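1. Got a predicted model here, sequence first, then my questions.
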Amino acid sequence: MTAAETRRAIFVTGGASGIGRAVTIFFAERGWFVGIADIDQAGMQETLSQTKQGMASTHTLDVRDRAQWNVALAEFAKASGGRIDVVFNNAGIADGSPLVDQDEGELTRMIDINLKGVIFGAQASHKYLAQTAPGSVLLNTASLAGIIGAPGLAAYCATKWGVRGLTESLDAEWAKEGINVASLCPGFIDTPIIGQINADSNQTAKETLIESGVEVSPVDIVPEVVWRAVHGTDLHYTVGKMAKRLRRMRRWLPGLVRKDMRNNGVGVES
């Protein structure tokens, strides 16, 4: 077999920025061939320019389009030498508004990208992951919002709880085929998502979070957790101290978590 045929390959959605970009650079530096997938052409080229030369390819993909998934994965399999070991279902958007203030278009877009896109990715990637099993991995980005139901994030939480549910179901469905399935559950990570301006306050979400005492973790802590998830056997992986703490509290002190969310929202120090 040639080096290209034995080199491990990971396909990363949302690769034009944030977590996707950081993971792309990290894995390429460790000898993996990476497929950078996104709708942001300029962002993908910027990620590619920061990635070890010859270790990545770019693929236009709107995760809401099932047919585009087929095309992008086929292109990546060809570029990688015929194999896909990991699909990192990472693309997602956020909107921190009260549910009653969100219009149908906002809700539909969030559900389609955050949940339907992840489901489509799982469907499309299965045949490739089955070929490289055992040990191939589908890794889905959920969130701390997939562990805790927080005020002002109702629709977003619903999509991320859905991602965790999908992950647990596919873990059971695909285990006999040797395909590992896991979710990534970050807290607030310093990415473009929290850099957006809130029209009501004229502040970025990041500024609002920091003022409220909420932990915002640097994006460079994420790739190491993704690496552990790709090489590990756990089902859910938290990222950041706050996510780890609240997951533990959600399990052992659910009443206290409920009280905190009703009184203070995410970020309370308990």
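-> Sure, I can see it. Since we're looking at a predicted model, the values are computed, not measured. Numbering: from 1, shown residues only.
2. And the helices in the protein?
-> Along the chain, counting by DSSP state H, helices occupy 3-6, 18-29, 41-50, 66-79, 104-111, 117-132, 154-174, 205-211, 222-231, 241-252, 254-263.
3. can those helices go into a markdown table with extra columns for mean pLDDT and distance to A182?
-> To be clear about C-beta, it is placed using only N, CA and C from the backbone, and glycine gets the same treatment. Shown next, in a markdown table, are these (pLDDT from 0 to 100; distance: least, Cβ to Cβ, whole Å):
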| stretch | mean pLDDT | distance to A182 |
| --- | --- | --- |
| helix 3-6 | 62 | 24 |
| helix 18-29 | 97 | 14 |
| helix 41-50 | 98 | 23 |
| helix 66-79 | 98 | 19 |
| helix 104-111 | 95 | 22 |
| helix 117-132 | 98 | 12 |
| helix 154-174 | 96 | 7 |
| helix 205-211 | 50 | 26 |
| helix 222-231 | 97 | 5 |
| helix 241-252 | 65 | 14 |
| helix 254-263 | 67 | 23 |
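4. V87: which of the ones you listed is closest?
-> Closest to V87 of these, according to Cβ to Cβ: helix 117-132, at 4.0 Å.
5. buried sites along the closest one?
-> 117-122, 124-126, 128-129, 132 (16 or more other Cβ atoms under 10 Å).
6. re earlier: most tightly surrounded among the helices of the chain?
-> Compared across those, helix 18-29 shows the largest average neighbour count, a mean of 24 (mean count of other Cβ atoms under 10 Å).
7. what's the offset of that one from the middle of its chain?
-> Centroid separation for helix 18-29 versus its chain: 12 Å, with Cα atoms, centre = their mean, to the nearest Å.
8. Same check on stretch 170-187?
-> A distance of 14 Å separates the centroid of the chain from that of stretch 170-187, by Cα atoms, centre = their mean.
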